[in-house]
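**Student:** Quick one: sequence and predicted model below, then my questions.
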Amino acid sequence: MAADGHFIDHACHTEKGKNGKVYAAGFIYTLNLRNGLLRPFSLITNGTRRHQEIPVLRDELKRENRTKNSTQKCLYVYDKAVTDYAFWNNQIEHGNLMISVLKENSVATFVESIHFDTSHELNTGIESYSTYENNGIRFSIVNYRDPETKKLHRFITTLPGSINPGTIAMLYFKRWTIEKAFNNSKSNLKETKAWSSDNNSLKNQMRLTAMSYNLLRTVEELSKIQDPELIHPSDKKYTEDLEKRQQAAKKRGGFVNPLFFNERIARISSYTIRAVQNAIMTGKSLAASHGERTRGLVVPRRRRAVVLSES
């Protein structure tokens, strides 16, 4: 799951804190990178005080661990602020694993290299895959050099060494999908301001936002299944942009990682959103609005398919 903090304007009646200031209201959401569904994870702050999201994330994981089945694995893909060797090492026994970007000032000792298939397309751009140690705590580091830009990215994970390093790198890049969900919630669902300063009200706001988003996501994916020969214009534009990047990269002696040409979880289209809105306002069923939902679909250009799976 991709996870991140999401902040919006505080409610207009939010009381000022002891320092005479008010802040943005904040939440943590997670996005399932398999099906694109959004989950309300935890409230960060109601705006009466400034609060960092990472301590809230840790506290919520500890609460969930009390009732969670440890055999149920959960992978969190977060930005580099989440890196805490001791905390995530402890979370392994609870089935919680992590992928993040290695901090520039991180201190760790090389232990050993991890074997991986350098010829597998899945591992395109991987320069090294190694085990490192910090204060007796071991973790894996993936060095990935983007074949398009030649920029080096270093990822840290608590996943076992049996996982392909290319999968780890690509999962982190897929984390950006949650920002598309936040864009949908602010631009289309108009979730730009907290409804209240009451914590329970804000938790309900999180739940209702996620429910609305997930309804739209489900309708969007169903429209793709019902018309498998068609795609949304945003997907076509994405493919065309990739092809332009590919041509430019070849002139520089590089290429776009082929995994970026795979299917992706795109931003929910305006066609889907308008169709659902109209169905609600007119009392029509979603099935009856199928034509409206698919009106904006277009014929795709031929795509190169790459399987994102473990060998």
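**Tutor:** Thanks, I have it.
**Student:** any weak-confidence spans in the stretch 51-200 of the chain?
**Tutor:** Flagging of the stretch 51-200 of the chain using pLDDT under 70 yields an empty set of residue ranges.
**Student:** For it, just list every one of the helices.
**Tutor:** Across the stretch 51-200 of the chain, reading from the start of the chain, the helices by DSSP state H, counting those that start in this stretch fall at 53-65, 85-91, 165-174, 177-187, 199-226.
**Student:** Specify the angle between the last one and helix 177-187 in degrees.
**Tutor:** Helix 199-226 and helix 177-187 are oriented at 110 degrees to each other (axes from the mean of the first three to the mean of the last three Cα atoms, to 10 degrees).
**Student:** still on that earlier bit, point out the most buried one among the helices of the stretch 51-200 of the chain.
**Tutor:** Most buried of the helices of the stretch 51-200 of the chain by mean neighbour count (mean count of other Cβ atoms under 10 Å) is helix 165-174; its value is a mean of 22. The C-beta positions use only the backbone N, C-alpha and C, and glycine is treated the same way.
**Student:** returning to that earlier point: quick check: which of the helices of the stretch 51-200 of the chain is nearest to residue 273?
**Tutor:** helix 199-226 (6.1 Å; Cβ to Cβ).
**Student:** and the nearest residue to residue 285 once chain neighbours are set aside, how many neighbours?
**Tutor:** Counting by Cβ to Cβ, 6 or more residues apart in numbering, residue 279 is the residue found nearest to residue 285 once chain neighbours are left out, at 6.9 Å. Residues within reach of residue 279, counting by other Cβ atoms under 10 Å, total 18.
**Student:** Kindly report the same for the one 3 residues further on.
**Tutor:** Number of residues near residue 282 (other Cβ under 10 Å) recorded here: 9.
**Student:** what's the distance between it and residue 235?
**Tutor:** With distances taken as Cβ to Cβ, to the nearest Å, residue 282 is found 28 Å from residue 235.
**Student:** and what of residue 67?
**Tutor:** Going from residue 67 to residue 235 by Cβ to Cβ gives 39 Å.
**Student:** Which of these two has more residues huddled nearby?
**Tutor:** With other Cβ under 10 Å as the criterion, residue 67 and residue 235 differ in neighbour count, and residue 235 comes out ahead with 20 against 6.
**Student:** Can you tell me the element the more buried one falls in?
**Tutor:** Here residue 235 is covered by helix 233-251, with elements defined by DSSP states H and E.
**Student:** try residue 253
**Tutor:** Secondary structure (DSSP H and E) places residue 253 outside all helices and strands.
**Student:** Go ahead and report the secondary structure state at the residue nearest to residue 285.
**Tutor:** Three states are possible here, and by DSSP: H, G, I helix; E, B strand; the rest coil the one that applies to residue 279 is helix.
**Student:** how about the nearest residue to residue 50, chain neighbours excluded?
**Tutor:** Residue 50 sits nearest to residue 23 (Cβ to Cβ, 6+ apart), 4.9 Å away.
**Student:** Chain neighbours aside, what residue packs nearest to residue 89?
**Tutor:** Nearest residue to residue 89, sequence neighbours excluded (Cβ to Cβ, 6+ apart): residue 137, at 4.6 Å.
**Student:** The one you found is in contact with residue 84, isn't it?
**Tutor:** No: with the criterion set as Cβ atoms under 8 Å, residue 137 and residue 84 do not qualify as a contacting pair; they are 10.0 Å apart.
**Student:** now what about stretch 120-138, what contacts it?
**Tutor:** 85-86, 89, 106-118, 139-147, 152, 161, 164-167, 169, 257-259, 306, 308-309, 311 (Cβ atoms under 8 Å, 6 or more residues apart in numbering).
**Student:** Report the distance from it to the chain centre.
**Tutor:** Using Cα atoms, centre = their mean, to the nearest Å, we find the averaged C-alpha position of stretch 120-138 to lie 21 Å away from the chain's own average C-alpha position.
**Student:** Pull up the distance across that stretch, start to finish.
**Tutor:** 26 Å (Cα to Cα, to the nearest Å).
**Student:** Could you pull out the buried residues of it?
**Tutor:** Within stretch 120-138, the residues that qualify as buried are 122, 123, 124, 125, 126, 129, 130, 131, 132, counting by 16 or more other Cβ atoms under 10 Å.
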